[in-house]
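1. predicted coordinates and the sequence they were generated for:
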Amino acid sequence: MSPYFIDAIRYARKLGYNSVQAATNGIEFAKSKEFSKRAFDAGLRLAYLQFDGVGNDANRHRKVGNLFDVKLRAIENMHEAGINIVPVTTIVNGVNNDQVGPIIRFALDNPDKIDFLSFQPVSFTGRDEDITPGRRMRQRYTLSHLAYDVKHQLGVTEPRRDWFPLSAYNALADFSDLVHGPQAQWGQLSCGCHPNCGIGTVLMVNKQNKEWAPVPQFMDVPGLIKDLQKVTDAARAGWFSAIMAGLAVLKSFKPFAAPPSLGLTDVLSTFDMATAMRGEKKHKELYGNTGPDRTLQDTLKRRSNPWNPLIIGGMWFQDLFNYDFRRTEMCIIPYATQQGEISFCAYNTGIGWRKIIENMHKTATVSEWYKTHGKHEIYAKGKSVQLDSTEHSLKVNAEDAERLRVRTDDGPMTAAEEERARRKAEWEAQQARQIFEELVLKKPKPDLVQISGPNGVDKQPEETVPEAETVAV
């Protein structure tokens, strides 16, 4: 963890960024409640928490002995501090693709703490750009796999009915811009990425009794999107547009397919919380401030809503084997660098913009950094993270947490294993060649060359010195 982490958050807020997020493995947040509180006070809103599965065995490929315990403690500390948590799962086929259902079930069991899940099918970049075709085919995972795994592992949702490209959210964003008017300081965030970049669905979860159902099950989502587009294109007054949008929501609602405790007022309230269609002032009064100057009280007010629209998103980043320049042109996740904005996939894939930019503008080498700031503790080879406490209030499905995965011997699973296999194959080939030359070609063994000592004198073997006799004193 950089010693400038808290300062960087505070500086980003000072520059005017509305939302500051951090990608983290959760170790520092799990170690200290005080650290979590300092991060929130500095302006940290969201934590993208690495979350590969439920249970320590599901996380064993990370080589940290108690990594799942770390995740639970990190969620507990960050939620208490006011930070929103987004568990982020990189899915590799044959490694943790069986964890899609358990991770969603974990979120459903803890709707008061988790309202967003992000699944990211593996992108073979960095050390994995030299991946063998065999391992690439075995480990490739796509957004289609994700939609069907949710169906098969969770037993609910329909892949062709419940999943939409992330750009479908634009209908809500455009409507929000209309009702907020041109006087609004900021417009809404529109997701104009390519349909192959990301998909998503929403599960409506009751925080009290845990009733839930996929939103497309009880809402005509395509119909609602079309109606909202018509309301937005009509460009009527804000109050009239809000009434028309409310009618469109009621028109799309199918109450007999919804959770029993979900009423019309709950549906309209959730829609209002997402779009602020009754105006910013009323929105702050009911749901808390979501702007840059929000406080812990605002966060708690927003969390008081009895219903949690749990978003399940899938984001598939590109690699050299599926690169599409059209997707790069439509990228919505640019890196802000000294050389300008660079698309996320272009930065991490192909020509190697990451290495180029970092080498151009680095301020210290790793060894120089360690000399100045010291070396951080490394957790590997099964080493556990020392925690003051492992207590938490989260509900964990015992069957999911205790399940042990059986490793199938289908070949190397990582770039390091492939490198070891390559070196072993080269050594075996060299040994076979040597035996063939000796036994078949009758090639004599090469004579050993005697290495001379310092002054050109051949080095003689040292005489063996007999052990001294033991003398009693």
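-> Received it, and whenever you're ready, just let me know what you need.
2. what about the residue nearest to the spatial centre of the chain, which SS state?
-> Centroid check for the chain by Cα atoms, centre = their mean gives residue 88 as the closest residue, at 2.7 Å. Following DSSP: H, G, I helix; E, B strand; the rest coil, we place residue 88 in the strand state.
3. and for the one 10 residues further on?
-> Three-state call for residue 98 (three-state DSSP): helix.
4. then residue 201?
-> Applying three-state DSSP: residue 201 is strand.
5. what's around it, how many residues?
-> Residue 201 has 22 neighbours, counted by other Cβ atoms under 10 Å. C-beta: built from backbone N, CA, C; applies to glycine.
6. what of residue 203?
-> 26.
7. ok, now which ones touch the nearest residue to it once chain neighbours are set aside?
-> Ranked by Cβ to Cβ, 6 or more residues apart in numbering and with sequence neighbours excluded, the top spatial neighbour of residue 203 is residue 310, at 4.4 Å. Applying Cβ atoms under 8 Å, 6 or more residues apart in numbering to residue 310 gives the contacts 107-108, 111, 114-117, 202-205, 212.
8. neighbouring strands - and their directions - for the helix or strand containing residue 310?
-> Here residue 310 sits within strand 307-315, counting by DSSP states H and E. According to DSSP bridges, strand 307-315 forms sheet pairs with strand 116-121 (parallel), strand 198-206 (antiparallel).
9. so what's the gap between the shortest one and the chain middle?
-> It refers to strand 116-121. Strand 116-121 sits 6 Å away from the centroid of its parent chain (Cα atoms, centre = their mean, to the nearest Å).
10. likewise the last one?
-> Strand 198-206 sits 17 Å away from the centroid of its parent chain (Cα atoms, centre = their mean).
11. one more: stretch 437-453?
-> That offset, for stretch 437-453, works out to 56 Å (Cα atoms, centre = their mean).
12. for the record, mean pLDDT for it?
-> For stretch 437-453, mean pLDDT rounds to 78.
13. list the buried residues in that stretch.
-> For stretch 437-453, burial by neighbour count (16 or more other Cβ atoms under 10 Å) applies to no residue.
14. kindly report the same for stretch 402-413.
-> Buried residues in stretch 402-413, counted by 16+ other Cβ under 10 Å: 403, 405, 412-413.
15. tabulate those residues (CSV), appending distance to residue 371.
-> Formatted as CSV, the buried residues of stretch 402-413 follow (distance: Cβ to Cβ, whole Å):
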residue, distance to residue 371
403, 45
405, 41
412, 36
413, 36
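16. so what's residue 33 closest to, chain neighbours aside?
-> Ranked by Cβ to Cβ, 6+ apart and with sequence neighbours excluded, the top spatial neighbour of residue 33 is residue 77, at 4.8 Å.
17. contact partners for residue 347?
-> Residues in contact with residue 347 (Cβ under 8 Å, 6+ apart) are 335, 337, 353-354, 357.
18. now do stretch 281-290, average pLDDT.
-> On average, stretch 281-290 scores 84.
19. what's that stretch in contact with?
-> The list of residues contacting stretch 281-290 from outside it, by Cβ under 8 Å, 6+ apart, reads 272-273, 276, 294-295, 297-302, 305.
20. what's the domain layout of the chain?
-> Domain assignment of the chain by automatic domain parsing yields the ranges 5-411, 412-443.
21. mean neighbour count, those: which tops it?
-> Mean neighbour counts were taken over these using mean count of other Cβ atoms under 10 Å, and the top value, a mean of 17, falls to domain 5-411.
22. what about that one, distance to the chain center?
-> The answer for domain 5-411 is 7 Å, by Cα atoms, centre = their mean.
23. SS state for residue 396?
-> Taking three-state DSSP, the label given to residue 396 is coil.
24. would you agree it is in contact with residue 107?
-> No. Here residue 396 lies out of contact with residue 107, judged by Cβ atoms under 8 Å, at a distance of 11.6 Å.
25. residue 89 contacts residue 118, correct?
-> Yes. Between residue 89 and residue 118 there is a contact under Cβ under 8 Å: 7.1 Å.
26. one step back: okay if I get the contacts of residue 310 as JSON lines plus distance to residue 237?
-> Output for the contacts of residue 310, formatted as JSON lines (distance: Cβ to Cβ, whole Å):
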{"residue": "107", "distance to residue 237": "39"}
{"residue": "108", "distance to residue 237": "40"}
{"residue": "111", "distance to residue 237": "36"}
{"residue": "114", "distance to residue 237": "38"}
{"residue": "115", "distance to residue 237": "32"}
{"residue": "116", "distance to residue 237": "33"}
{"residue": "117", "distance to residue 237": "38"}
{"residue": "202", "distance to residue 237": "29"}
{"residue": "203", "distance to residue 237": "34"}
{"residue": "204", "distance to residue 237": "30"}
{"residue": "205", "distance to residue 237": "35"}
{"residue": "212", "distance to residue 237": "36"}
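27. what's the closest of those residues to residue 450?
-> Ranked by distance to residue 450 (Cβ to Cβ), the contacts of residue 310 are led by residue 117 at 68.2 Å.
28. what's the nearest residue to that closest one if we skip its chain neighbours?
-> What sits nearest to residue 117 in space, not counting adjacent residues and going by Cβ to Cβ, 6+ apart, is residue 312, at 5.0 Å.
29. isn't the one you found up against residue 202?
-> Yes. Between residue 312 and residue 202 there is a contact at 7.3 Å, judged by Cβ under 8 Å.
30. what's the weakest-modelled helix or strand in the chain?
-> helix 280-287 (a mean of 84; mean pLDDT, DSSP states H and E).
31. nearest to residue 8, of the contacts of residue 310?
-> residue 116 (22.9 Å).
32. surely that closest one and residue 313 touch.
-> Yes. Counting by Cβ under 8 Å, residue 313 is a contact partner of residue 116 at 7.1 Å.
33. residue 276: what's it in contact with?
-> Residue 276 neighbours (Cβ under 8 Å, 6+ apart): 176, 179-180, 282-283.
34. what segments of the stretch 101-250 of the chain are strands?
-> For the stretch 101-250 of the chain, the strands defined by DSSP state E, counting those that start in this stretch cover 116-121, 164-165, 198-206, 212-214.
35. with respect to residue 376, which of those strands lies nearest?
-> Closest of the strands of the stretch 101-250 of the chain to residue 376 is strand 116-121, at 25.1 Å (criterion: Cβ to Cβ).
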